[in-house]
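Trainee: sequence plus predicted model, see below.
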Amino acid sequence: MASTRRQQPRRRVWPKVKLLLLVAVVAAGATALYPIWRKANPDPPELTVRYRTATPATAAAAEPSLEIFNESKKPLPLSDVALRYYFTADGGSYAFNCVQAAVGCSNIAGTVTELTEPTETADHYLELRFTDAAGTLKPGANSKGIDVQLYRVDHEKLKQSDDRSFDAEKATYEESKTVTAYKRGVLAWGEEPDGKKPDGDDKSAKAAAADAAPVLPEDVLFDNFHYTGPKDPALFKHGWLVRTSDGGPGIDDTWSADGVSFPSAKDALGDGQVLNLRASTDGTKKGTKQASVGTAGREFRAGTYAARIHFSDDPTAGKNGDHVNQTFYTIGGKGSSYSELDNEYMPNGGWGRYGPKLDNVTWHTVDDRVYNTTLKSLAGWHTVVMTVDGDVVTYRVDGKKIYSTSGKYAPRAGMSVNFNTWFIDLPFKSGERAWDMKVDWLYYNAKDALSLDDVDAAVKDYSQSGLNYFNTTS
């Protein structure tokens, strides 16, 4: 008799089906709920930002001080990081400078950008980026203070009460999520004005954070004079001195900080600021003020000196005719090592010779010099270049060679770099008048004797990258 297979009851299969359905439902629910859970339980941040300020709501400049902490277990190159400080523009253009930083102001670039989707408390932001030379933070380390200034180039006061990142109550360092930080372009800290927060899973959500600041060349000084005024602490931290001491040249003992300013200029590099040096007089020594700014350091000798300068043939105020001298020069050493290179522009001449004229003078000692005079108006903007290549000194204007000297007249000592506007004498004893000389930027390269094209290309690159100042010569 054949055996008959018994069918398995359906009731034994159904529980397994129900179990599978339950697992599927739970998995689907978990998947749907994961983003909510993830938002409530984010990964610890890789970095944090602390902020402080000492400025009131109404101030000449915003002065945020920032610190970056590496909260991860891996080294953090600062060149991977960008910071954004958000504010509401009150009008006009804005600029920034770095006052001091443990990582070095030379290693910090800054740009001001308008938001495409503004809010009530943010329509612009200042972005700070770092060069490779800023270094790497070890796990648990912090960058220490990064002190910057943000200000209007027309020097009107700021209203900070409606600025997203400003917080007058943070007089000492505290965490601030209104200052955002990006690591390789991905939001890593803080909350953007539109409410976006860091999301460890959204690796494709790239912010518009810029690349790292460019690699700095060695033995170069660059400055495009982004300063708030003659008493700006950044001006002195960057190695500049405003002369107020006694002595000459010109009308003795009349050097004053009153003639030094940093106005905006549409024809300046990037429509930014210039150094303005004003000499003024009423025809008397008591009523005369001369202006001069120079480097405190005297480490400059061989290489290329270049500056974009606006010379004036006419006074800014008052009648014409003064024997005014608008000068870009270097000076250093004493006695047998005395060294000086001069570009002296005199629109009305001086020392018994007519103008307008440019004197290029190379000194061996205070009693031994050689010079060349170019009888030509240089009113307006010009790029003035001096190169020291071995024992050969060459002067150029707008790329054209003007004069060259050699032999014993080459610099024998390190020099300072200076700009000034001063009166040779006072031919008119009444009537107030003022003369202005403007300087757009200074570039110095200690290694190479460069062409105008090379200088212009370097300066343009620095400015577009947000490098307003750096000094790698010391």
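Mentor: Thanks, I have the structure now.
Trainee: three-state assignment of the nearest residue to Gln160 once chain neighbours are set aside?
Mentor: Among residues not flanking Gln160 along the chain, Phe166 sits closest, at 4.2 Å (Cβ to Cβ, 6 or more residues apart in numbering). (Glycine included, C-beta is placed from N, CA and C.) Of the three states, Phe166 takes coil under DSSP: H, G, I helix; E, B strand; the rest coil.
Trainee: distance of Phe166 from Phe222?
Mentor: Separation of Phe166 from Phe222 (Cβ to Cβ, to the nearest Å): 30 Å.
Trainee: and what of Tyr462?
Mentor: Tyr462 is 5 Å from Phe222, where distance means Cβ to Cβ.
Trainee: could you do Arg164 as well?
Mentor: Separation of Arg164 from Phe222 (Cβ to Cβ): 32 Å.
Trainee: ok so Asp454 is a helix residue?
Mentor: Yes. Residue state for Asp454 (three-state DSSP) corresponds to a helix.
Trainee: give me the number of residues near it?
Mentor: A count of neighbours around Asp454, defined by other Cβ atoms under 10 Å, yields 15.
Trainee: ok, now which ones touch it?
Mentor: Shown in contact with Asp454 (Cβ atoms under 8 Å, 6 or more residues apart in numbering): Asp448.
Trainee: how far away is it from Ile146?
Mentor: For Asp454, the distance to Ile146 - Cβ to Cβ - is 32 Å.
Trainee: still on that earlier bit, residues that sit against both of Tyr462 and Phe222, list them.
Mentor: Phe470.
Trainee: quick one: low-confidence ranges for the stretch 201-350 of the chain?
Mentor: By pLDDT under 70, the weakly predicted segments of the stretch 201-350 of the chain are 201-211.
Trainee: need the helices for it, in chain order.
Mentor: For the stretch 201-350 of the chain, the helices defined by DSSP state H, counting those that start in this stretch occupy 233-237.
Trainee: where along it do the strands fall?
Mentor: According to DSSP state E, counting those that start in this stretch, the stretch 201-350 of the chain carries its strands in the segments 220-223, 240-242, 260-261, 275-281, 291-295, 303-311, 324-332, 339-346.
Trainee: which of those strands sits closest to Val439?
Mentor: Closest of the strands of the stretch 201-350 of the chain to Val439 is strand 275-281, at 4.2 Å (criterion: Cβ to Cβ).
Trainee: can you name every helix or strand that the closest one contacts?
Mentor: Helices and strands touching strand 275-281, by 3 or more Cβ pairs under 8 Å, 6 or more residues apart in numbering; DSSP states H and E, are strand 260-261, strand 291-295, strand 416-423, strand 433-445.
Trainee: the shortest one pairs with which strands, parallel or anti?
Mentor: Spelled out, it's strand 260-261. Paired strands of strand 260-261, with direction, are strand 275-281 (antiparallel) (DSSP bridges).
Trainee: centre of the chain to the strand it pairs with, how far?
Mentor: 23 Å (Cα atoms, centre = their mean, to the nearest Å).
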